[in-house]
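> okay, sequence plus prediction incoming.
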Amino acid sequence: MKRPEPGKLVLSFVPREGRLSPQRYGWRALLSGGCEVRRQCAQQLPPEAGPPKVFRLRPVRAVGCTGGTAGLVTNGSREHPVVALTFDDGPSEYTERFLDVLREKEVPATFFEIGQEMPGREAVMRRILAEGDEIGDHTMNHVEYPGYQQIAGAAARIKQYTHFQPCLFRPPGGALNESVIQTAGSLGMRTITWDVDPRDWSLPGTEAIYSNIVSHAQNGSIILMHDGGGPRDETLAALPRVIDTLRARGFGFETVSELLGYRMIYRPYG
């Protein structure tokens with residue numbers, strides 16, 4: 001920990017050593033000796049001699065996100081080489097395997113989930129959020145041009161199972177009109193579509209999925225894929241190569257909320 005100037009405190013901390021997942025955290029520093037308020041200083045925790053310091057951390061979980069007002073978004077800023085991977089129609093029997101790939105590659109993603117698919121899969125939904133990914137609303141029954149109950153029902157089920165209030169909504173099939181956008185907005189959700197679609201739902205083959213994504217991705221792209229709604233072995237097989245190729249081209253990866261400059265909201269458990 002360093003205090004290079006009176007108004008600046010620099011703390012180096014490895015989240016994994018504190019059994020924390022890579023997320024955004026709020027910090028509060030309390031001065032209790034060692035550093036005089038108006039002096040520069042540097043401290044090592046734990047100190048080189050003596051017993052190690054013990055940090056008591058209150059575990060937190062994601063409970064919501066900002067930015068959920070009426071509006072339509074198809075992509076993020078074109079100024080920065082960052083993309084968002086998104087997965088629709090889950091949770092499913094494939095979702096855990098997609099999460100395994102994302103964790104191995106250290107890449108976040110956003111999952112737009114269907115209410116009717118959630119019962120019995122509460123644990124995987126909680127895992128999505130615990131590992132720094134995001135959940136969005138994809139209606140209760142995958143209905144195109146959905147009304148209030150379809151959108152509100154899925155959002156309520158997400159919150160019931162995970163304590164997370166989604167701020168993102170994706171219309172099934174991309175079918176939307178102003179009424180859909182305004183309804184989602186009235187429920188605190190921004191409507192999110194995409195600008196890269198490999199049509200993996202049609203099972204075109206692993207190579208076709210891979211080639212479509214890497215040839216169309218650009219700064220700010222929101223990339224559509226599916227972890228549910230049918231057999232997803234092709235998408236699962238393509239995903240590691242997609243990540244490796246885009247990363248080699250200089251792209252970073254963020255959740256949709258991060259891509260759009262929104263913030264996740266965290267609260268302590270309990």
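Structure received.
> what about stretch 65-83, how long is it end to end?
Start-to-end span of stretch 65-83 (C-alpha to C-alpha, to the nearest Å) is 19 Å.
> quick check: mean pLDDT of it?
The predicted model assigns stretch 65-83 a mean pLDDT of 96.
> just the buried positions in that stretch, please.
For stretch 65-83, a neighbour-count test (16 or more other C-beta atoms under 10 Å) marks C65, G67, G68, A70, V73, N75, G76, V82, V83 as buried. C-beta here means a position set from N, CA and C on the backbone, and glycine is covered the same way.
> please compute how far it lies from its chain's middle.
Centroid separation for stretch 65-83 versus its chain: 13 Å, with C-alpha atoms, centre = their mean, to the nearest Å.
> do the same with stretch 84-101
For stretch 84-101, the separation from the chain centroid amounts to 12 Å (computed by C-alpha atoms, centre = their mean).
> partner strands of the longest strand along the chain, with direction?
The residue-count maximum for a strand in the chain (DSSP state E) belongs to strand 82-90. Here strand 82-90 is paired, per DSSP bridges, with strand 110-113 (parallel), strand 222-226 (parallel), strand 252-253 (parallel).
> looking at those strands, which is buried most?
strand 110-113 (a mean of 28; mean count of other C-beta atoms under 10 Å).
> which neighbouring elements make contact with the very next helix or strand once past it?
Using DSSP states H and E, the helix or strand that follows strand 110-113 in sequence is helix 122-130. On a contact count with 3 or more C-beta pairs under 8 Å, 6 or more residues apart in numbering; DSSP states H and E, helix 122-130 meets strand 60-65, helix 95-105, strand 134-137, helix 148-162.
> please report how far the closest residue to I223 other than its chain neighbours lies from R58.
Distance criterion C-beta to C-beta, 6 or more residues apart in numbering; nearest residue to I223, sequence neighbours excluded, is V196 at 4.4 Å. Distance from V196 to R58, counting by C-beta to C-beta, to the nearest Å: 39 Å.
> so if I had to pick from the two, which one is more boxed in?
V196 (22 against 8; other C-beta atoms under 10 Å).
> where does the stretch 51-200 of the chain dip in pLDDT?
With pLDDT under 70 as the threshold, the stretch 51-200 of the chain has low-confidence stretches at 51-57.
> show me the contacts for the residue nearest to Y148 when sequence neighbours are not counted.
For Y148, ignoring the flanking residues on the chain, the nearest one in space by C-beta to C-beta, 6+ apart is T183 at 5.4 Å. Residues counted as contacts of T183 (C-beta atoms under 8 Å, 6 or more residues apart in numbering) are P146, G147, Y148, I151.
> just the buried residues of the residues you listed.
P146, I151.
> make a markdown table from the contacts of T183 and add distance to A217 to it.
Converted to a markdown table, the contacts of T183 look like this (distance: C-beta to C-beta, whole Å):
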| residue | distance to A217 |
| --- | --- |
| P146 | 28 |
| G147 | 33 |
| Y148 | 34 |
| I151 | 29 |
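> from the contacts of T183, which is closest to F253?
Taking C-beta to C-beta as the measure, I151 is the one of the contacts of T183 closest to F253, at 27.1 Å.
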